[in-house]
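In: Would you be able to build a 3D model of this:
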Amino acid sequence: MDNPGLMSAPPLETPAPPKPSWRDTLKVYLEPATLRMLALGFSAGLPLLLVLGTLSFRLREAGIDRTTIGYLSWVGLAYGFKWVWAPLVDRMPLPPLTTLLGRRRGWLLLAQGLVIVGLVGMAMNDPRHGLAPLVWCALLVAFGSATQDIALDAFRIESAETRKQAALAAAYQTGYRLAMIWAGAGVLWVAAWAEVVPAVAAAGAAAYQNGAWKTAYLVMAASMGVGVLTVLLSPEPVRLVLPKAKNAAEWLQSVLIDPFADFIRRYRWQAALILALIAIYRISDVVMGIMANPFYVDMGFTKDEVATVSKIYGVVMTLAGAFVGGVLSMRLGVMRVLMLGAVLSAASNLLFAWLASRGHDLTALIAVVSADNLAGGIASAAFIAYLSSLTNISYSATQYALFSSLMLLLPKFIAGYSGAFVDAYGYSQFFTATALLGVPVLLLVALASRLTTTTSAADRQ
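Out: Prediction:
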């Protein structure tokens, strides 16, 4: 006879997987895939400032007005529209390169070549003799860089399982931020070192010398060799076997429609909330960043001062932020760190408003740059991990390109008016306004966190 007590016993629940130990958590940073992402993150981060932040320093020193500099930042909109050609990068082979290197590495190498050619072109053009050639070369750099991002995001997502994505994101972000320091501070240091005579202009700042900037941009083009070498030495991720299309219509369906339909199908009405969060999460940083270098020039900081502060204090705090963001994301969950990053990013902009009232104060600059880089590292590491968690590996390049494009589209558009805003209201009001842009982000992160919690609870039932 059956035991009635056993019949009434509730079913055993599947135990939750144990949290990794601190040792295992930290050990992942030494794995080959993570180290490769460090180098490839450097390759991805190098071009961004050279067509945006550093370029704005160069143009301001050359006497270009702030309103024009603001409008020229729309070159960065190439990053906001990369989802348009992302399906081609995701699915279309490049016959010679794909055969030799594989689908992901072939596209990476092509994109890196475009960036190098564009940077050499920017080196050879003097903005005082006309902006058009320089802008076209900057557009080539931006297009190549955006294409590299598409292929690299897919390469990263396909290189490790989900639980290691936060570590890969942190390594990627560390390399990315190191490159931004090199492209922001390093290029200023090289340009200052290459000046023939440190002539002083009437305003007290160093007079513009295009030869020095030519040398600096050529050094940056050579620095892309880090990414090229890493691509050549890296293994191609395990290729996902995709069903062959029977005709052109079926191919277009799988390339252009299915990646977006898959995201909507998986998240339904919640997709609107997720996309809204992605669209504005980095808005405070992006809008403020366009005017940061013109601000340094107008405050009387020299290239050496800005480079030294960014290179020493900025690097340390960036590495700390990316590391802390990656570790906390694995230990506490991505959404909590996402909220922390949003708060810190908005608050750091208020520090720039305070700096505007201090004038040429090197100690204050060190404090502000340090805090800003720490906040940016934490926010970016968590945000990249969050975006990675949203993708379907079958459409990793296309979906991640959609997310990262959306992340930049609205902020880059608004940033185009930053110069006109500063001319009308001043730097203090501008930095305060960019901090206030972060308030809606906090609300959306809170809503997305509740959504994630509710979804997880439903999955456990």
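In: what's the spacing between the nearest residue to Ile274 once chain neighbours are set aside and Ala448?
Out: Distance criterion Cβ to Cβ, 6 or more residues apart in numbering; nearest residue to Ile274, sequence neighbours excluded, is Tyr267 at 6.1 Å. Every residue, glycine included, has its C-beta placed from N, CA and C. Look at Tyr267 and Ala448: by Cβ to Cβ, to the nearest Å, they are 11 Å apart.
In: joint contacts of these two?
Out: Ile274 (Cβ atoms under 8 Å, 6 or more residues apart in numbering).
In: Comparing the two, which shows the higher neighbour count?
Out: Ala448 (21 against 16; other Cβ atoms under 10 Å).
In: doesn't Leu277 make contact with that one?
Out: Yes - applying Cβ atoms under 8 Å, one finds Ala448 in contact with Leu277, separated by 5.2 Å.
In: I'd like to know which elements the strand or helix carrying Arg60 is packed against.
Out: Arg60 belongs to helix 53-61 when assigned by DSSP states H and E. Applying 3 or more Cβ pairs under 8 Å, 6 or more residues apart in numbering; DSSP states H and E, we find helix 53-61 packed against helix 66-72, helix 187-194, helix 283-298.
In: redo that, cut-off 7 Å
Out: Under the contact criterion of 3 or more Cβ pairs under 7 Å, 6 or more residues apart in numbering; DSSP states H and E, helix 53-61 touches helix 66-72, helix 283-298.
In: what would the ones you listed look like in CSV with mean neighbour count?
Out: Formatted as CSV, those follow (neighbours: other Cβ atoms under 10 Å):
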stretch, mean neighbour count
helix 66-72, 19
helix 283-298, 24
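In: where does the stretch 51-200 of the chain have low pLDDT?
Out: 160-166, 197-200 (pLDDT under 70).
In: do the stretch 351-461 of the chain as well
Out: Those would be 396-397, 452-461, if you go by pLDDT under 70 across the stretch 351-461 of the chain.
In: Which positions in the longest helix along the chain come out as buried?
Out: Longest helix in the chain by number of residues (criterion: DSSP state H): helix 362-390. For helix 362-390, burial by neighbour count (16 or more other Cβ atoms under 10 Å) applies to 365-366, 368-388, 390.
In: again with stretch 130-145
Out: Those would be Leu131, Leu134, Val135, Cys137, Ala138, Leu139, Leu140, Val141, Ala142, Phe143, Gly144, Ser145, for stretch 130-145 by 16+ other Cβ under 10 Å.
In: how about Leu131, phi and psi?
Out: Backbone torsions of Leu131, given as degrees, to the nearest 10, read phi -90, psi -20.
In: contacting residues around it?
Out: By Cβ atoms under 7 Å, 6 or more residues apart in numbering, the contact set of Leu131 is empty.
In: how close does it sit to Thr147?
Out: Relative to Thr147, and taking Cβ to Cβ, Leu131 is found at 24 Å.
In: Quick check, Leu119 in contact with Val219.
Out: No - using Cβ atoms under 7 Å, Leu119 makes no contact with Val219, being 9.5 Å away.
In: Look at these two and report which has more neighbours.
Out: Leu119 (29 against 19).
In: quick one on the thing from earlier: from memory the residue nearest to Ile274 sits against Leu273, does it?
Out: No - counting by Cβ under 7 Å, Tyr267 sits too far from Leu273 to count as a contact (8.6 Å).
In: What are the boundaries of the helices in the stretch 201-350 of the chain?
Out: Remark: helices assigned in the stretch 201-350 of the chain by DSSP state H, counting those that start in this stretch are 210-223, 225-233, 248-252, 258-267, 270-280, 283-298, 303-309, 315-332, 334-356.
In: Show me which positions of the last one end up buried.
Out: Pointing back at helix 334-356 there. Counting neighbours by 16+ other Cβ under 10 Å, helix 334-356 gives 334-335, 337-346, 348-353, 355-356 as buried.
In: what about Ala138, which helix or strand?
Out: Using DSSP H and E, Ala138 falls in helix 132-157.
In: Pull the contacting residues for Ala279.
Out: Contacts of Ala279 (Cβ under 7 Å, 6+ apart): Leu406, Met407, Leu410.
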